[in-house]
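>>> Build the 3D model from these lines:
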Amino acid sequence: MTAIPALADLQARYADLQGRGLKLDMTRGKPAPEQLDLSDDLFTLPGNRDHRTESGEDARNYGGVQGLAEVRALFAPVLGASPDRIAVGNNSSLALMHDCIAYALLKGVPGGARPWAKEEEIRFLCPVPGYDRHFALCETYGIGMIPVPMTADGPDMEMVEREVRDPRVKGMWAVPQYSNPGGETYSDATVERLARMETGAPDFRLFWDNAYALHHLTERRPTLRNVLDACAEAGSPDRAIVFASTSKVTLAGAGLAMLASSEGNIRWYLANAGKRSIGPDKLNQLRHVRFLRDQGGLDALMDGHRRLLAPKFRAVTETLARHLGGTGVARWSEPEGGYFILLEVPEGCATRVVKLAAACGLALTPAGATHPYGRDPQDKLLRLAPSYPKPAEVEAAAEVVAVCVLLAAAESREAGGSGQVAA
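Now for the predicted structure:
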């Protein structure tokens with residue numbers, strides 16, 4: 001075990017960092033400008049007078065709530081469904097998740113006896129550490145949240161299968177590939193158990209947010225069991241709704257969002273969405289088809305993202321290893337895809353690390369964001385987002401994080417704590 005430097009030495013290193021005048025931000029997984037540049041050709045597409053779809057439809061006009069057939073065909077392999085069981089919206093998959101929850105609350109879902117809002121209480125299972133925007137949706141609509149610990153294979157299925165027998169549990173969040181923020185990919189066994197588990201609510205829904213299905217950081221490609229197939233085979237075809245988007249593929253503010261599910265769920269979604277809008281931006285859908293073309297074009301674009309992102313992730317993990325390796329004060333993930341690194345610090349120290357980093361000019365995601373209601377009961381987990389800063393800034397930010405972790409751990413030890421992460 002490498003000894004933690006003395007508190008006075010760490011305070012001196014920290015003061016040096018404060019004097020550098022840094023202004024860095026690792027709060028959110030935003031694509032860097034260089035990543036957005038990869039899709040600059042979208043600005044010239046679909047091109048003058050190029051507004052007809054494959055079927056001859058005029059993409060400038062109203063209609064087409066389900067989205068263009070050619071877009072649905074292009075992304076069918078990503079979503080794991082046939083084009084007729086896919087709907088394409090505008091740029092935000094979070095908006096589609098929001099709408100599905102709102103429709104469920106107001107109208108109910110197939111298989112349910114009444115709108116969810118008519119129930120005395122509803123709850124969602126929330127894998128933790130997890131995605132703060134999922135939690136925010138539940139909190140906004142008064143949906144109770146039950147934290148479920150993550151494992152290397154996905155959520156703790158013993159707990160999931162126990163809790164889901166409660167008829168008040170109407171749904172569950174999942175980021176099944178390169179999970180946010182830990183980077184786990186659900187095992188086949190986990191997907192099978194989610195599909196086959198007995199639920200107390202007949203209208204239970206699995207919100208399958210496969211946001212990082214294409215976002216590989218290495219040459220290795222995990223195989224994620226098709227949840228729609230698994231649910232259909234288990235006799236629960238309506239259980240899962242799969243979400244994805246091109247927000248981190250093309251242009252984050254001008255991408256495409258998609259959902260896929262059973263025939264019944266798609267009919268339900270389109271019936272409600274057709275009241276909300278007369279149709280999405282079909283010209284943007286058309287320009288995406290012209291730009292991406294086919295699976296080969298999509299793969300080539302994602303290789304470009306990987307070349308830009310992978311060095312930044314290596315810079316963080318290598319810097320953390322250089323400064324923290326062997327000290328016992330931290331553990332961190334080394335993801336093979338996705339947008340985040342999960343950092344574990346000594347219990348009670350995460351909030352202090354964020355505060356120390358801010359005083360050095362580094363903005364981090366607030367401690368607690370990995371848990372429902374923004375409260376990590378052990379105050380030990382932090383989400384690092386290396387994508388947006390420049391490579392040199394990423395290394396500088398990681399050094400700040402490392403020194404702040406060491407300082408917080410030393411302070412904890414001085415106050416009588418262990419200053420170590422649990423074994």
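
>>> Against S387, how distant is the closest residue in space to R331 that isn't next to it in sequence?
Ranked by CB to CB, 6 or more residues apart in numbering and with sequence neighbours excluded, the top spatial neighbour of R331 is E344, at 4.4 Å. From N, CA and C alone the C-beta is placed, and that goes for glycine too. According to CB to CB, to the nearest Å, E344 and S387 sit 21 Å apart.

>>> what's the answer for T351, then?
24 Å.

>>> Show the residue spans covered by the strands in the stretch 251-400 of the chain.
257-260, 331-332, 341-344, 362-364, 381-384 (DSSP state E, counting those that start in this stretch).

>>> Touching, V65 and K275? I think so.
No - counting by CB atoms under 8 Å, V65 sits too far from K275 to count as a contact (9.8 Å).

>>> Which residue of the two possesses the greater neighbour count?
V65 (20 against 10; other CB atoms under 10 Å).

>>> how about the nearest residue to the more buried one, chain neighbours excluded?
Here the residue nearest V65, using CB to CB, 6+ apart, is G274, at 4.9 Å.

>>> Also S179?
Nearest residue to S179 in three dimensions, chain neighbours excluded: M150, at 6.8 Å (CB to CB, 6+ apart).

>>> In contact with E411, which residues are there?
L7, R352 (CB atoms under 8 Å, 6 or more residues apart in numbering).

>>> Which pLDDT does the model give it?
For E411, the pLDDT comes out at 95.

>>> which SSE is it in?
According to DSSP states H and E, E411 maps onto helix 391-414.

>>> Just the CA atoms of that helix, as CSV, please.
What follows is helix 391-414, C-alpha atoms only, in CSV (Å, rounded to 0.1, in the frame of the first residue of the first chain):
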residue,chain,number,x,y,z
PRO,A,391,-7.1,16.5,-24.2
ALA,A,392,-4.6,18.7,-22.3
GLU,A,393,-7.5,20.0,-20.2
VAL,A,394,-8.7,16.5,-19.4
GLU,A,395,-5.3,15.6,-17.9
ALA,A,396,-5.2,18.8,-15.9
ALA,A,397,-8.7,18.1,-14.6
ALA,A,398,-7.9,14.6,-13.7
GLU,A,399,-4.9,15.8,-11.7
VAL,A,400,-7.1,18.2,-9.8
VAL,A,401,-9.5,15.4,-9.0
ALA,A,402,-6.7,13.2,-7.8
VAL,A,403,-5.2,15.9,-5.5
CYS,A,404,-8.7,16.8,-4.2
VAL,A,405,-9.4,13.1,-3.4
LEU,A,406,-6.1,12.7,-1.6
LEU,A,407,-6.7,15.9,0.4
ALA,A,408,-10.3,14.9,1.3
ALA,A,409,-9.1,11.5,2.4
ALA,A,410,-6.3,13.0,4.5
GLU,A,411,-8.7,15.4,6.1
SER,A,412,-11.1,12.4,6.9
ARG,A,413,-8.2,10.5,8.4
GLU,A,414,-7.2,13.5,10.6
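
>>> in it, what's buried?
Within helix 391-414, the residues that qualify as buried are 393-413, counting by 16 or more other CB atoms under 10 Å.

>>> A254 against N284, yeah?
Yes - using CB under 8 Å, A254 is in contact with N284, at 6.4 Å.

>>> low-scoring stretches of this protein, by residue?
Along the chain, no part satisfies pLDDT under 70.

>>> what secondary structure does the residue nearest to the spatial centre of it sit in?
Closest residue to the average C-alpha location of the chain: N180 at 4.5 Å, with CA atoms, centre = their mean. State at N180, reduced to three classes by DSSP: H, G, I helix; E, B strand; the rest coil: coil.

>>> I'd assumed L342 was in contact with it.
No - the criterion here is CB under 8 Å, and N180 misses it with L342 at 9.2 Å.

>>> Now do the shared contacts for these two.
What both N180 and L342 touch, as defined by CB under 8 Å, 6+ apart, is the set R383.

>>> Contacts only, for the residue nearest to the centre of the chain.
In this structure, N180 makes contact with G29, G130, Y131, A211, Y212, G338, Y339, F340, R383, judged by CB under 8 Å, 6+ apart.

>>> Apply 7 Å and report the result again.
The contact partners of N180, by CB atoms under 7 Å, 6 or more residues apart in numbering, come to G130, Y131, G338, F340.

>>> same check, this time on A369
D132, R383.

>>> Distance check, it against G255.
According to CB to CB, A369 and G255 sit 23 Å apart.

>>> Keeping just the C-alphas, turn stretch 260-278 into PDB.
Taking C-alpha atoms only, stretch 260-278 is exported to PDB below (Å, rounded to 0.1, in the frame of the first residue of the first chain):
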ATOM      1  CA  ALA A 260     -39.100   0.800 -30.300                       C
ATOM      2  CA  SER A 261     -41.500  -1.700 -28.700                       C
ATOM      3  CA  SER A 262     -44.300  -4.100 -29.300                       C
ATOM      4  CA  GLU A 263     -47.000  -3.500 -31.900                       C
ATOM      5  CA  GLY A 264     -49.400  -2.600 -29.100                       C
ATOM      6  CA  ASN A 265     -47.100  -0.100 -27.400                       C
ATOM      7  CA  ILE A 266     -46.300   1.500 -30.700                       C
ATOM      8  CA  ARG A 267     -50.000   1.900 -31.500                       C
ATOM      9  CA  TRP A 268     -50.500   3.400 -28.000                       C
ATOM     10  CA  TYR A 269     -47.600   5.800 -28.400                       C
ATOM     11  CA  LEU A 270     -48.600   7.000 -31.900                       C
ATOM     12  CA  ALA A 271     -52.200   7.500 -30.800                       C
ATOM     13  CA  ASN A 272     -51.100   9.800 -28.100                       C
ATOM     14  CA  ALA A 273     -48.200  11.500 -30.000                       C
ATOM     15  CA  GLY A 274     -50.600  12.300 -32.800                       C
ATOM     16  CA  LYS A 275     -52.600  14.500 -30.500                       C
ATOM     17  CA  ARG A 276     -49.400  16.300 -29.400                       C
ATOM     18  CA  SER A 277     -47.900  17.000 -32.800                       C
ATOM     19  CA  ILE A 278     -48.800  16.700 -36.500                       C
END
